[in-house]
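Colleague: Got a predicted model here, sequence first, then my questions.
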Amino acid sequence: MIKSMTGFGKSGFEINHKKVTVEIKSLNSKQADISTRIPSLYREKEMEIRKEISDRLVRGKIDFGIFIENLGENGNAVINEGVVKSYFSELSRISQGLSIPVNERLLQIVMRLPDTVKVTYETLEEEEWEILRKHIFLAFQETDLFRIREGKALEKDLRENLGTITRLLDEIAPYEQPRIENVRNRLTANLESLQLNGNIDANRFEQELIFYLERLDFNEEKVRLANHCVFFLETLEEAESNGKKLSFIAQEIGREINTIGSKANESNIQRIVVQMKDALERIKEQVLNIL
């Protein structure tokens, strides 16, 4: 079973007059690239959260966020009344001394000055952390299910494209023997056109011809390519998703296709090779998003 690195999970709860929402988004990446957005109340648990993200989601560009919405009338920010009165009194006195009228704009100026608003910080209680931890795990589970669904779609496309490569591999066979005969006839005709008047060592020519034709033989590459395709399918069916392993196999498939193309020396086979490469490129693009 394969999993995509693309995923999304969300969970939320209400506690102490606030609504807390946990969101996880992930995209493809070579390593675990984790970004977190955690409110100050839960910041002390950030390292523990990061470890859980790394252990459970393994790989990908992962955005993790905890969002708090205040449902009560009181917030964490409180006006520091004593400081505001002190500022206002001093500024009023200065304004009167300068014969400047005192109006509502003075209060606006006062509220921009330091320490006019104080923030009270909550202490994270163990009960609240346990509830949050439970919902983080629920978001992980939802993300994992999303990845599995995306993985099924990827697997379908991978099998189709790999099937295209194996089908095209079978289509090469009718052109192989005529290809060898064409090369033999062309070399013989070229030699005869030199008009050497029989000064040719026929045995040596046949030996060189066999050596040259052996260099054009790609039966080994065909066998290896077929084996790599079988290995790719076996890896798709493994219990654990392994995108890196599939990527390595795809590289080996590409190596054999390239070698067949370089040895082909026949236009019909080269057309088939081009189609194989097209299917392989689609496989490589899809493998990049597999966990």
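Modeller: Yep, that arrived. Residues are numbered from 1 along each chain as shown.
Colleague: and residue 28, how many residues sit next to it?
Modeller: Using other Cβ atoms under 10 Å, the number of residues around residue 28 comes to 17. (Each C-beta comes from the backbone N, C-alpha and C, glycine too.)
Colleague: phi, psi of it?
Modeller: phi -80, psi 140 (degrees, to the nearest 10).
Colleague: What ranges does the stretch 51-200 of the chain have for its strands?
Modeller: 60-70, 77-79, 117-119 (DSSP state E, counting those that start in this stretch).
Colleague: and those strands, which is most packed in?
Modeller: Among those, ranked by average contacts under mean count of other Cβ atoms under 10 Å, first place goes to strand 60-70 (a mean of 18).
Colleague: Just give me how far that one sits from the chain centre.
Modeller: 19 Å (Cα atoms, centre = their mean, to the nearest Å).
Colleague: what's it packed up against?
Modeller: strand 18-27, strand 32-37, helix 46-57 (3 or more Cβ pairs under 8 Å, 6 or more residues apart in numbering; DSSP states H and E).
Colleague: re earlier: okay if I get the strands of the stretch 51-200 of the chain as JSON lines plus distance to residue 5 and mean pLDDT?
Modeller: JSON lines is the format used below for the strands of the stretch 51-200 of the chain (distance: least, Cβ to Cβ, whole Å; pLDDT from 0 to 100):
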{"stretch": "strand 60-70", "distance to residue 5": "4", "mean pLDDT": "93"}
{"stretch": "strand 77-79", "distance to residue 5": "39", "mean pLDDT": "73"}
{"stretch": "strand 117-119", "distance to residue 5": "38", "mean pLDDT": "72"}
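Colleague: longest helix anywhere in this protein?
Modeller: helix 126-171 (DSSP state H).
Colleague: so that helix versus strand 60-70, what angle?
Modeller: 150 degrees (axes from the mean of the first three to the mean of the last three Cα atoms, to 10 degrees).
Colleague: Helix 126-171 packs against which elements?
Modeller: Against helix 126-171 (3+ Cβ pairs under 8 Å, 6+ apart) you get strand 7-15, strand 18-27, helix 46-57, helix 219-236, helix 243-264, helix 267-287.
Colleague: closest one to residue 66 among those?
Modeller: Counting by Cβ to Cβ, residue 66 lies closest to strand 18-27 out of those; the figure is 5.6 Å.
Colleague: will you turn the helices and strands packed on helix 126-171 into TSV that also has mean pLDDT and distance to residue 151?
Modeller: Formatted as TSV, the helices and strands packed on helix 126-171 follow (pLDDT from 0 to 100; distance: least, Cβ to Cβ, whole Å):
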stretch	mean pLDDT	distance to residue 151
strand 7-15	94	10
strand 18-27	95	13
helix 46-57	94	14
helix 219-236	94	10
helix 243-264	93	10
helix 267-287	95	10
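Colleague: Could you check how far residue 224 is from residue 259?
Modeller: Residue 224 sits 9 Å away from residue 259, going by Cβ to Cβ, to the nearest Å.
Colleague: go on, residue 147?
Modeller: Taken as Cβ to Cβ, the span from residue 147 to residue 259 is 35 Å.
Colleague: who's more crowded, these two?
Modeller: Ranked by neighbour count (other Cβ under 10 Å), residue 147 and residue 259 place residue 147 first, with 25 against 17.
Colleague: Mind pulling the model confidence for the more buried one?
Modeller: For residue 147, the model assigns a pLDDT of 96.
Colleague: Quick check, residue 54 in contact with residue 33.
Modeller: No: using Cβ atoms under 8 Å as the test, residue 54 is too far from residue 33 to be in contact (10.6 Å).
Colleague: still on that earlier bit, so which of the strands of the stretch 51-200 of the chain comes closest to residue 217?
Modeller: Of these, nearest to residue 217 by Cβ to Cβ is strand 60-70, at 43.8 Å.
Colleague: Pull up the pairing partners for that closest one, direction included.
Modeller: strand 18-27 (antiparallel), strand 32-37 (parallel) (DSSP bridges).
Colleague: Tell me the secondary structure at residue 238.
Modeller: coil (DSSP: H, G, I helix; E, B strand; the rest coil).
Colleague: Is it correct that residue 172 is in contact with residue 271?
Modeller: No: if you go by Cβ under 8 Å, residue 172 and residue 271 don't touch, sitting 10.4 Å apart.
Colleague: Looking at these two, which one has more neighbours?
Modeller: residue 172 (20 against 14).
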